[in-house]
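Enquirer: this one's sequence-less:
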């Protein structure tokens, strides 16, 4: 008997018919002799609808109350799913995040999981029940308030429960058949990857691939939990996210490139005319850190000899753009920079693959493909297994398709089907 943790995204439980179809899949897993724990997201666009409603009532809703509101979405899903399973003759018990033992810090809207104490889940499993857990939420260790984990938090809930329960696999169900070499909405010829390593999936998630949340993959790697990404709308084998040592043929003969990811949610700030003195960059990024703003790429120009000044450019989530500008403007007199430039019409395109470590020429091929597509590169960032470039937002699709072709990632026939329309 295996312990299987399954997570179903919002598109998988979007309406009553979807809920009943998911219930049948869960019961089939139970009938196969497995213990089953299920984590659910809110139905369809429920979370967005609740956020819109909150903004109609208050332009700046208190974090505690917003979390209390948003967690209602997952509670609706878990209760309806438990009812649908009961209708099929199996006992299911639904649990909120706090009842399931998901303990977090006190940061509303973006809480981090500190611990999972799944005593009630274990008891219910021992008594033969299927457990349904509301994703995306927990309870603060300090204040005992309800918290939410931020976007993609249900993925993280599922992997955290799998780790705490010593699960055999965490199945992440969405409306696509697995992890593809590129977003199939941009590249219809994208290929499904049968397996991908944690480190490659981490880079893809950090680079904009929406199929798995970054924190979920980090958690899975830390506790060595295999993730099976698959569709709730088909019975096809999906993509396995596992340790690199578990990938057959993980050597010089493996595929050089695993995929091309993109991110449309970034913006660029340039701090113009920064005095080229020791400590000025540290001051700038300390202020941004204190404002809890995550920085991605950073480029500093060579100081102009005539002025002794330089420009520092960096990318960040566009949602944090205004906060960053406000924080930096407070520094203007102290540092003495000339001005700030803000551009939210950019995007990031990333090439990911562990094989590039041992294959020279990958960078040249990537840049040539971008150039051949007529796309100008604004910034460049690299890691051992990733090359990222910033381009104009209107050029993202062209750059992704060009890079995909350049590395022979196109499938002979269309493999990707987006069943629910969102890719989650």
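Expert: Done, it's in. All figures in this text were calculated on a predicted structure; none of them were measured in a lab. Numbers count the residues shown, from 1 in each chain.
Enquirer: okay, CA-based contacts and neighbour counts for the rest of this
Expert: OK.
Enquirer: any residues touching the strand or helix carrying residue 132, and which ones?
Expert: For residue 132, the enclosing helix or strand under DSSP states H and E is strand 130-134. With contacts defined as Cα atoms under 8 Å, 6 or more residues apart in numbering, strand 130-134 is touched by 30, 35-41, 74-75, 77-78, 81-82, 90-97, 100, 121, 124-125, 154.
Enquirer: residue contacts, residue 229?
Expert: The contact partners of residue 229, by Cα under 8 Å, 6+ apart, come to 171, 172, 173, 174, 177, 178, 179, 238, 239, 240, 241.
Enquirer: what helices or strands is whatever helix or strand comes next after the strand holding residue 132 leaning on?
Expert: Downstream of strand 130-134, the first helix or strand assigned by DSSP H and E is strand 137-140. Counting contacts by 3 or more Cα pairs under 8 Å, 6 or more residues apart in numbering; DSSP states H and E, strand 137-140 packs against strand 102-104, strand 146-148, helix 153-164.
Enquirer: ok, now with 10 Å
Expert: helix 63-87, strand 102-104, strand 113-116, strand 146-148, helix 153-164 (3 or more Cα pairs under 10 Å, 6 or more residues apart in numbering; DSSP states H and E).
Enquirer: quick check, nearest of the contacts of residue 229 to residue 341?
Expert: residue 179 (36.3 Å; Cα to Cα).
Enquirer: pretty sure the closest one contacts residue 259?
Expert: Yes - between residue 179 and residue 259 there is a contact at 9.2 Å, judged by Cα atoms under 10 Å.
Enquirer: if we can go back for a sec, now restrict the contacts of strand 130-134 to buried residues only.
Expert: With burial judged by 16 or more other Cα atoms under 10 Å, the buried subset of these is 30, 35-41, 74-75, 77-78, 81-82, 90-97, 100, 121, 124-125, 154.
Enquirer: So which of those belong to strands?
Expert: Among these, DSSP state E puts 35, 36, 37, 38, 39, 40, 92, 93, 94, 95 in strands.
Enquirer: Can you tell me the closest non-neighbouring residue to the first one?
Expert: Excluding the flanking residues, the one nearest residue 35 by Cα to Cα, 6 or more residues apart in numbering is residue 3, at 4.7 Å.
Enquirer: Give me the number of neighbouring residues for that neighbour.
Expert: Counted with other Cα atoms under 10 Å, the neighbours of residue 3 add up to 19.
Enquirer: List phi and psi for it.
Expert: phi -100, psi 110 (degrees, to the nearest 10).
Enquirer: that older thread, now for the contacts of residue 229: which two are most distant?
Expert: Spatially, the most separated pair among the contacts of residue 229 is 174 and 241, at 14.9 Å (Cα to Cα).
Enquirer: Residue 381 and residue 296 touch, don't they?
Expert: Yes - counting by Cα under 10 Å, residue 296 is a contact partner of residue 381 at 8.8 Å.
Enquirer: Am I right that residue 397 is in contact with residue 349?
Expert: Yes - using Cα under 10 Å, residue 397 is in contact with residue 349, at 9.1 Å.
Enquirer: So which of these two has more stuff around it?
Expert: Neighbours per residue, other Cα under 10 Å: of residue 397 and residue 349, the larger number sits with residue 349, 26 against 16.
Enquirer: In which helix or strand does the more buried one reside?
Expert: Applying DSSP H and E as the criterion places residue 349 in strand 346-352.
Enquirer: Remind me what that strand packs against, helices and strands.
Expert: Against strand 346-352 (3+ Cα pairs under 10 Å, 6+ apart) you get helix 198-206, strand 259-263, strand 266-275, strand 309-317, helix 362-372, strand 379-383, strand 386-392, helix 396-406.
Enquirer: again, only this time at 7 Å
Expert: Strand 346-352 is packed against helix 198-206, strand 259-263, strand 266-275, strand 386-392, helix 396-406, with contacts defined by 3 or more Cα pairs under 7 Å, 6 or more residues apart in numbering; DSSP states H and E.
Enquirer: what's the angle from whichever helix or strand comes after the first one to helix 198-206?
Expert: Think helix 198-206. The first helix or strand that comes after helix 198-206 along the chain, using DSSP H and E, is helix 214-223. Helix 214-223 and helix 198-206 are oriented at 170 degrees to each other (axes from the mean of the first three to the mean of the last three Cα atoms, to 10 degrees).
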